[in-house]
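Engineer: Provided below are the primary sequence and the corresponding predicted coordinates.
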Amino acid sequence: MSENKRYKTQVINDEILEKLSLDNRYNFVNDNLRVILTDKQLNFLKQVQDFCVNYEAKNKITHGPNEDVYEWYPDFGKEGYITRQTPYSCIDLNYEDYGMAIEFMRILALDNFDPQFAMGSGATVICINPIYAHHEDVPERLEALKELVTGQVVGCLLMTEPERGSDAVHQLTTCDEQEDGSFLLNGTKIFNTNAPKSKWAIAYATAEKNQGNLLGQFLINTSWEGWNCERVGIPWTPKLYIGKETLNNLKVPKEYVLGGIGKGREHLFEGLIPERIAIAVRCISACWGALAHAVIYANMRKQFDREILLFQGVGFSLADLWAKTTALTHGVLKFAEIYDEKHEKYGDLPDPIAQSMVNSASQYKYICANLAKKVCFEAANLMGGAGVCDNTLMHDYISVSRILEVVGGTKQIQQFIMSRGLKRLFKNL
Ligand SMILES: Cc1cc2nc3c(=O)[nH]c(=O)nc-3n(C[C@H](O)[C@H](O)[C@H](O)COP(=O)(O)OP(=O)(O)OC[C@H]3O[C@@H](n4cnc5c(N)ncnc54)[C@H](O)[C@@H]3O)c2cc1C
């Protein structure tokens, strides 16, 4: 197999493979979304799509197993396509197009281009968000922020521990404050996307084990002494580097303490709303990516002398997946727009609005992950053998949708958060 070949053996015929080009898949998505997007959203979406199409052609990217998605960061960063949640004026980027709805467009374009790359860059974004929120104009933090947002380096978030996954608040990693205001961190973290490739990491640790109210939040340079990282094997996303880190008396100077003891819990919860909306968007993007493949394929593949789309078993099933994807796209986009509106109006969200957003972010993460799992799997099945071989991105969609169920809180945890929300609503009556 040559270095940059996508597949071992061609299974799908030339004509269909050609039709499954990124350009055509983007056109399919755009034809579906044109009516519901604002001009600004559609223009930005097309701008990122054009970049991806040209980038793929120019660099002869096949999305084959030998490509290193981490090499693409600086090129996407230069264009401002690592994140668009805010204008990043504090580091002089001043993006004109920004906000959660614009971020939706960015993720959609990147995910259709390469789902594993989109997932990895999402982990850099959850490293960026807390630095942006708590940089307080400290030069060291701003420097890290600029490197990350512009894609010069990769970032990661260290919340999960070997013994503390869903129960993220009761951490075992400790932070001991020193006289000079620095902290010593000790403990083990796990399942941290990008960690083995990252320059910067955000970590949570507590002054006393299991005490959620004593959590702090820290920015770590992974070249510091005391950082030890191994790669965890996740067969579903072979191009991503997921880490297990042992922090051994790792000293965090005070300039890098984003939240001292007691502040970490609040920082942890504020980060969860944008993280979960972004995961919901990635789920929706995976649905569109899988549908674009299956719809093109089913319109061209013939069995019994007819295009398979014309058999009800295929055509009606695709129609069902298409309807559900469209409806949820409308919902998530509206929610992203509301999130932008409220932030524009209030800056920091008042408590009742933030509480309502926590519930909605969980609802969308929950329902979109559920849909992505179904759409990606069913769409691949509707393509028969072509849907499970290595000729297209379908296996990435199935794999990534499997992971999207787990990250950012499993479905049971989203149900748990939502059921608590129902209790709170009842108390208000
Ligand atoms: C590929 C990948 C990438 C990841 N990236 C990151 C990252 O970048 N940063 C990071 O910090 N973490 C990351 N994670 C970790 C992820 O967030 C956790 O795996 C997840 O929160 C679940 O924790 P756990 O694996 O310890 O499972 P556990 O918490 O042990 O859960 C096991 C099972 O028990 C269920 N369960 C647990 N508690 C309850 C409850 N109260 N009610 C009902 N059911 C419950 C869960 O739903 C699950 O089904 C990643 C994980 C994966 C697989």
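Structural biologist: Structure's in. What do you need?
Engineer: number of nearby residues for Ile296?
Structural biologist: Neighbour count for Ile296, taken as other CB atoms under 10 Å: 21. Backbone N, C-alpha and C define where each C-beta goes, glycine included.
Engineer: Now the element after the helix or strand hosting it, going C-ward?
Structural biologist: Ile296 is part of helix 264-300 when elements are defined by DSSP states H and E. Following helix 264-300 in sequence order, the next helix or strand is strand 302-303 (DSSP H and E).
Engineer: average pLDDT across that following strand?
Structural biologist: The pLDDT scores in strand 302-303 average 98.
Engineer: That one pairs with which strands, and in what direction?
Structural biologist: Take DSSP bridges as the rule and strand 302-303 pairs in its sheet with strand 306-307 (antiparallel).
Engineer: distance between the strand it pairs with and the chain's centre?
Structural biologist: When C-alpha coordinates are averaged (CA atoms, centre = their mean, to the nearest Å), strand 306-307 and its chain have centres 37 Å apart.
Engineer: Now do it: everything it contacts.
Structural biologist: Outside strand 306-307, the residues that touch it by CB atoms under 8 Å, 6 or more residues apart in numbering are Ala298, Asn299, Met300, Arg301.
Engineer: rerun at 6 Å
Structural biologist: The set of residues that contact strand 306-307 without belonging to it, under CB atoms under 6 Å, 6 or more residues apart in numbering, is Asn299.
Engineer: Whichever residue of the stretch 101-250 of the chain sits closest to the ligand: how many residues sit nearby?
Structural biologist: With CB to the nearest ligand atom as the measure, the residue in the stretch 101-250 of the chain that lies nearest the ligand is Gly165; the distance is 1.7 Å. Neighbourhood size, Gly165 [other CB under 10 Å]: 15.
Engineer: Over to Ile277?
Structural biologist: Neighbours of Ile277 under the rule other CB under 10 Å: 25.
Engineer: Which residues are in contact with it?
Structural biologist: Ala361.
Engineer: Kindly state the pLDDT recorded for it?
Structural biologist: Confidence for Ile277, expressed as pLDDT, is 95.
Engineer: What are the boundaries of the helices in the stretch 1-150 of the chain?
Structural biologist: Using DSSP state H, counting those that start in this stretch, the helices of the stretch 1-150 of the chain run over 14-19, 22-33, 39-58, 73-78, 100-113, 115-133, 139-149.
Engineer: Quick one: distance of the longest one to the chain centre.
Structural biologist: From the chain centre to the centre of helix 39-58 is a distance of 19 Å (CA atoms, centre = their mean).
Engineer: That helix packs against which elements?
Structural biologist: Under the contact criterion of 3 or more CB pairs under 6 Å, 6 or more residues apart in numbering; DSSP states H and E, helix 39-58 touches helix 22-33, helix 100-113.
Engineer: For the residue nearest to the residue of the stretch 101-250 of the chain closest to the ligand when sequence neighbours are not counted, which three-state class applies?
Structural biologist: Excluding the flanking residues, the one nearest Gly165 by CB to CB, 6 or more residues apart in numbering is Phe191, at 7.7 Å. With DSSP: H, G, I helix; E, B strand; the rest coil as the basis, Phe191 sits in strand.
Engineer: how near is Phe191 to Tyr241?
Structural biologist: Per CB to CB, to the nearest Å, Phe191 is found 12 Å from Tyr241.
Engineer: and the two? which has more neighbours close in?
Structural biologist: Tyr241 (24 against 18).
Engineer: Quick one: the helices of the stretch 1-150 of the chain as TSV, columns for mean neighbour count too.
Structural biologist: Conversion of the helices of the stretch 1-150 of the chain to TSV gives the following (neighbours: other CB atoms under 10 Å):
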stretch	mean neighbour count
helix 14-19	13
helix 22-33	17
helix 39-58	17
helix 73-78	18
helix 100-113	26
helix 115-133	24
helix 139-149	19
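Engineer: Turn these into a markdown table, columns for distance to the ligand.
Structural biologist: Formatted as a markdown table, the entries for the helices of the stretch 1-150 of the chain read as follows, by distance: least, CB to the nearest ligand atom, whole Å:
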| stretch | distance to the ligand |
| --- | --- |
| helix 14-19 | 29 |
| helix 22-33 | 25 |
| helix 39-58 | 23 |
| helix 73-78 | 16 |
| helix 100-113 | 16 |
| helix 115-133 | 5 |
| helix 139-149 | 14 |
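Engineer: Can you lay out these as a markdown table showing mean pLDDT?
Structural biologist: Listed next are those as a markdown table, based on pLDDT from 0 to 100:
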| stretch | mean pLDDT |
| --- | --- |
| helix 14-19 | 97 |
| helix 22-33 | 98 |
| helix 39-58 | 98 |
| helix 73-78 | 98 |
| helix 100-113 | 98 |
| helix 115-133 | 97 |
| helix 139-149 | 98 |
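Engineer: Now render these as JSON lines, adding distance to Thr237.
Structural biologist: Compiled in JSON lines, those are given as follows (distance: least, CB to CB, whole Å):
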{"stretch": "helix 14-19", "distance to Thr237": "24"}
{"stretch": "helix 22-33", "distance to Thr237": "20"}
{"stretch": "helix 39-58", "distance to Thr237": "19"}
{"stretch": "helix 73-78", "distance to Thr237": "16"}
{"stretch": "helix 100-113", "distance to Thr237": "13"}
{"stretch": "helix 115-133", "distance to Thr237": "5"}
{"stretch": "helix 139-149", "distance to Thr237": "21"}
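Engineer: which one of the ones you listed lies closest to Lys345?
Structural biologist: helix 100-113 (14.0 Å; CB to CB).
Engineer: before we move on, back to that, which parts of the helix holding Ile296 are buried?
Structural biologist: Residues 264-265, 267-268, 270-298, 300 are the ones in helix 264-300 that count as buried (16 or more other CB atoms under 10 Å).
Engineer: how near is Ser360 to the ligand?
Structural biologist: Using CB to the nearest ligand atom, to the nearest Å, one obtains 20 Å as the distance from Ser360 to the ligand.
Engineer: Which residue is the nearest non-sequential neighbour of that residue?
Structural biologist: In space, Ser360 comes closest to Phe335 once its chain neighbours are excluded; the distance is 5.8 Å by CB to CB, 6+ apart.
Engineer: Centre of the chain to stretch 23-41, how far?
Structural biologist: When distances are taken as CA atoms, centre = their mean, stretch 23-41 is centred 21 Å away from the chain's centroid.
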